[in-house]
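Asker: Sequence first, then the predicted structure:
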Amino acid sequence: MFILDEDSERTAGRDAQQANIAAGKAIAEAVRTTLGPQGMDKMLVSDSGDVVITNDGATILSEMDIEHPAAQMLVDVADEQEAALGDGTTTAAILTGELLSAAEEFLDQDLHPRTIVEGYWEVERIAADAIDDCILDDDEFGEESLQQAVESAMTGKGTGSVAVDALAGTIIEAVERVDDDGTADRDAIAVEARTGRSASATEVVDGVLADADPVRDGMPERVDDATVAVIDGDLEQREPGVDTEYAISTDEQLSTAVAAEEETLVGYAESLATAGVDVAFVTGDIADRTASALASRGILAFEDVDGDAAAVAAATGASQVPGADEVEAGDPGSAGAIAVEAAGDDSVVRIEAGAGEPRATVVVRGSTEHALDEIERTVNDGIDVAVAAYNRREVVPGGGMVEVAVAERLREAAAGVEGRRQLAVEAAAEAFDAVPRALARSAGEDPIDTLVELRAANREGRAGLVIDGDVTVADPVEHGVLDPAAVKRESVRSAVEVATMILRIDDVISAD
Ligand code: ADP
Ligand code: MG
């Protein structure tokens with residue numbers, strides 16, 4: 001009995017496993033040399049000739065044109081991690097490749113894939129404990145360590161001409177700005193990219209920005225202590241129904257209709273003025289007559305603000321209402337200042353110091369669109385990392401120290417792991433060694449000598465590979481090389497997830 005189409009391709013058993021493992025390892029190899037502050041760049045060239053130069057693992061993985069499904073799984077998990085935490089994807093890819101290599105040897109020795117998978121799950125637990133034990137004590141964690149963790153996460157990513165420390169400072173300012181009872185909400189921080197000025201003009205706005213132009217000239221360009229309405233609807237004459245259209249047959253009826261329309265359109269402006277509104281954000285359209293009535297009452301109004309309405313409402317504390325008449329009852333919001341600024345041919349509205357939830361916007365600038373994309377990505381990643389480290393107040397020493405500690409812990413713990421899974425746990429220790437080795441290599445050091453030195457130094461105290469000008473084995477904390485614990489945990493989790501997912505597949509069938 002044939003259940004598959006004649007043309008469908010199928011690879012099963014060891015062949016399928018081998019091919020999947022090879023694909024996963026190939027991806028890991030592709031990013032290995034980019035690890036660390038002195039990692040090499042990759043140049044990615046698309047079919048259409050677009051060029052991206054980067055040494056950010058996540059960018060490389062997402063830009064690579066990958067066809068193999070197992071390799072694609074690695075990329076998907078890296079994407080997830082990048083989206084959630086903004087960092088640690090190169091490390092995760094290297095670990096995945098190493099876990100797969102180790103598994104390959106076991107499969108050759110006829111160890112069952114399930115045994116290896118279970119061993120790797122054990123590895124994830126042991127590693128998580130070892131990472132927790134590396135977390136800096138409260139008395140060592142502070143403003144400075146937060147700054148250092150963010151800087152370390154941004155190293156090697158594109159920051160254009162902006163100094164990493166300045167950028168990290170800006171990001172932390174934004175995170176502190178949205179602090180609510182010791183916790184920062186990631187969604188309360190927006191990033192706006194603007195071309196034009198040099199990137200050093202990156203700044204934090206104490207609120208939100210909206211892309212909108214005043215609906216009419218002659219409206220105020222700045223309002224302090226503004227009362228703000230957010231209207232989700234139109235300020236226009238409602239479409240006349242069929243009946244009303246037929247009803248107008250005489251001149252008299254026509255002028256009555258015109259007067260009624262005038263009353264409605266001007267009425268919108270009057271309602272807003274009565275509610276004390278200084279600035280109105282409208283998601284739909286504003287009729288010309290209404291716009292002029294608003295302008296003559298000194299009200300600043302914007303239409304078509306659909307994309308920004310929710311953020312403006314949240315920042316100012318205004319409730320979104322369906323029309324002008326509902327504004328008063330719906331409680332308008334307020335902002336310390338609302339200002340219209342030119343941005344190229346368009347304008348942008350700054351809504352600062354709102355009475356609603358704390359909000360911050362990091363405005364990044366770059367000289368070209370290309371530079372801007374890269375720096376925007378870096379800033380977004382930096383914010384992810386900063387929020388993770390800020391909220392949990394958990395950072396660990398970087399420079400490979402955590403990986404050396406995890407490897408050591410795995411070697412100790414392996415003996416206590418029952419049965420053949422123990423082999424997988426032992427092998428995983430070597431997988432973690434690959435991270436400091438890769439760091440050493442990218443910094444021009446001998447990977448084996450460095451690893452040996454690191455291990456010995458770690459038995460005495462805290463030691464990692466510190467890369468700043470010269471390369472030394474030293475206490476990463478003293479040199480400000482820190483990573484958020486969440487990033488380290490997630491790298492391990494991602495690597496184990498992908499490796500075990502790939503190992504459990506023993507049949508690849510092409511499907512529609
Ligand atoms: P990933 O995608 O995994 O974040 P990176 O290229 O950003 O890869 O490299 C991160 C690694 O580099 C981490 O292990 C981090 O501790 C280490 N690192 C960052 N800055 C330094 C430094 N100045 N010296 C040594 N190691 C560093
Ligand atoms: Mg990184």
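Answerer: That came through fine. Ligands and ions are numbered 1, 2, ... in the order given.
Asker: Going by C-alpha atoms from here, please, whenever you check contacts or count neighbours.
Answerer: OK.
Asker: Kindly check the end-to-end length of stretch 191-211 for me.
Answerer: Distance across stretch 191-211, first residue to last, is 13 Å (CA to CA, to the nearest Å).
Asker: Rounded mean pLDDT for it, please.
Answerer: Stretch 191-211 comes out with an average pLDDT of 80.
Asker: Equivalent analysis for stretch 113-122, please.
Answerer: 95.
Asker: Up against ligand 2, what does the stretch 151-300 of the chain have?
Answerer: A153 (CA under 5 Å from the ion).
Asker: burial of V162, as a residue count?
Answerer: 18 (other CA atoms under 10 Å).
Asker: helix, strand or coil for it?
Answerer: coil (DSSP: H, G, I helix; E, B strand; the rest coil).
Asker: what about it, distance to ligand 2?
Answerer: Taking CA to the ion, to the nearest Å as the measure, V162 falls 17 Å from ligand 2.
Asker: And for G444?
Answerer: 19 Å.
Asker: now swap in T89 and tell me
Answerer: Applying CA to the ion to T89 and ligand 2 gives a distance of 7 Å.
Asker: I'd say that residue and Q81 touch.
Answerer: Yes - at 6.9 Å, T89 counts as touching Q81 under the criterion of CA atoms under 8 Å.
Asker: okay, now the residue lying closest to S62 once chain neighbours are set aside: neighbour count?
Answerer: What sits nearest to S62 in space, not counting adjacent residues and going by CA to CA, 6 or more residues apart in numbering, is V75, at 6.6 Å. Applying other CA under 10 Å, we find 24 residues neighbouring V75.
Asker: Name the helix or strand of this protein that has the lowest mean pLDDT.
Answerer: Every helix and strand in the chain was compared by mean pLDDT, DSSP states H and E; the lowest is helix 242-247, with a mean of 57.
Asker: separation between D285 and ligand 1?
Answerer: 45 Å (CA to the nearest ligand atom, to the nearest Å).
Asker: whoops, V340 was the one
Answerer: Noted for V340: a distance of 38 Å to ligand 1, by CA to the nearest ligand atom.
Asker: That residue: what secondary structure?
Answerer: V340 - assigned by three-state DSSP - is strand.
Asker: can you pull up the bridge partners for the residue nearest to it when sequence neighbours are not counted?
Answerer: The shortest distance from V340 to any non-neighbouring residue, by CA to CA, 6+ apart, is to V349 (4.5 Å). For V349, the beta-bridge partners under DSSP bridges are A210, V340.
Asker: Now do V349 against ligand 1, distance only.
Answerer: The gap separating V349 from ligand 1 is 35 Å, by CA to the nearest ligand atom.
Asker: how about F281, secondary structure?
Answerer: Under three-state DSSP, F281 falls in the strand class.
Asker: Provide a list of residues in contact with it.
Answerer: Taking CA atoms under 8 Å, 6 or more residues apart in numbering, we find F281 in contact with V228, A229, V230, I231, A301, F302, E303, V305, A309.
Asker: Distance-wise, check it relative to S334.
Answerer: To S334, F281 is 12 Å away according to CA to CA.
Asker: now swap in V340 and tell me
Answerer: Distance from V340 to S334, by CA to CA: 16 Å.
Asker: Those two: which is more packed in?
Answerer: Neighbours around V340 and S334, counted as other CA under 10 Å, are more numerous at S334. The numbers are 28 against 21.
Asker: Secondary structure element holding that one?
Answerer: In this assignment (DSSP states H and E), S334 forms part of strand 333-343.
Asker: what does L111 give?
Answerer: According to DSSP H and E, L111 maps onto no helix or strand at all.
Asker: and it, how many neighbours?
Answerer: The tally of other residues near L111 (other CA under 10 Å) stands at 17.
Asker: Please apply the same query to G317.
Answerer: 22.
Asker: who touches the nearest residue to it once chain neighbours are set aside in this structure?
Answerer: Spatial nearest neighbour of G317, chain neighbours left out: G356 (3.7 Å); criterion: CA to CA, 6+ apart. The contact partners of G356, by CA under 8 Å, 6+ apart, come to A313, A314, A315, T316, G317, A318, G333, S334.
Asker: Turn the residues you listed into JSON lines, columns for distance to Q38, secondary structure and pLDDT.
Answerer: As requested, these are exported to JSON lines (distance: CA to CA, whole Å; DSSP: H, G, I helix; E, B strand; the rest coil; pLDDT from 0 to 100):
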{"residue": "A313", "distance to Q38": "44", "secondary structure": "helix", "pLDDT": "95"}
{"residue": "A314", "distance to Q38": "42", "secondary structure": "helix", "pLDDT": "93"}
{"residue": "A315", "distance to Q38": "41", "secondary structure": "helix", "pLDDT": "94"}
{"residue": "T316", "distance to Q38": "44", "secondary structure": "helix", "pLDDT": "95"}
{"residue": "G317", "distance to Q38": "46", "secondary structure": "coil", "pLDDT": "94"}
{"residue": "A318", "distance to Q38": "48", "secondary structure": "coil", "pLDDT": "94"}
{"residue": "G333", "distance to Q38": "49", "secondary structure": "strand", "pLDDT": "93"}
{"residue": "S334", "distance to Q38": "48", "secondary structure": "strand", "pLDDT": "94"}
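Asker: what's the closest non-adjacent residue to the residue of the stretch 201-350 of the chain found nearest ligand 2?
Answerer: Here the stretch 201-350 of the chain gets closest to ligand 2 at one residue, T202, 21.0 Å apart by CA to the ion. Nearest residue to T202, sequence neighbours excluded (CA to CA, 6+ apart): V364, at 4.6 Å.
Asker: Partner strands of the host helix or strand of that neighbour and their direction?
Answerer: Here V364, judged by DSSP H and E, is contained in strand 360-366. Looking at strand 360-366 with DSSP bridges, its partner strands are strand 189-195 (parallel), strand 203-205 (antiparallel).
Asker: could you say what helices and strands the helix or strand containing L423 packs with?
Answerer: Using DSSP H and E, L423 sits within helix 421-442. When contacts are defined as 3 or more CA pairs under 8 Å, 6 or more residues apart in numbering; DSSP states H and E, helix 421-442 packs onto helix 89-108, helix 113-134, helix 401-414, helix 447-460, strand 464-468.
Asker: quick one: the nearest residue to M40 once chain neighbours are set aside from ligand 2, how far?
Answerer: Closest residue in space to M40, ignoring its immediate chain neighbours: T34 at 4.8 Å, by CA to CA, 6+ apart. From T34 across to ligand 2, the span is 10 Å (CA to the ion).
Asker: thought T34 was touching D56?
Answerer: Yes - between T34 and D56 a contact is recorded at 7.2 Å, counting by CA under 8 Å.
Asker: Give me the common contacts of the two.
Answerer: Counting by CA under 8 Å, 6+ apart, the residues touching both T34 and D56 are T90.
Asker: ok, the residue of the chain most remote from its centre to A257 distance?
Answerer: The centre of the chain is farthest from one residue, T250, which by CA atoms, centre = their mean lies 62.8 Å away. Counting by CA to CA, the gap from T250 to A257 is 11 Å.
Asker: How about L300?
Answerer: With CA to CA as the criterion, L300 and A257 are 28 Å apart.
Asker: now swap in R421 and tell me
Answerer: Separation of R421 from A257 (CA to CA) stands at 84 Å.
Asker: that older thread, surely the residue of the stretch 201-350 of the chain closest to ligand 2 is in contact with T361?
Answerer: No - the criterion here is CA under 8 Å, and T202 misses it with T361 at 10.5 Å.
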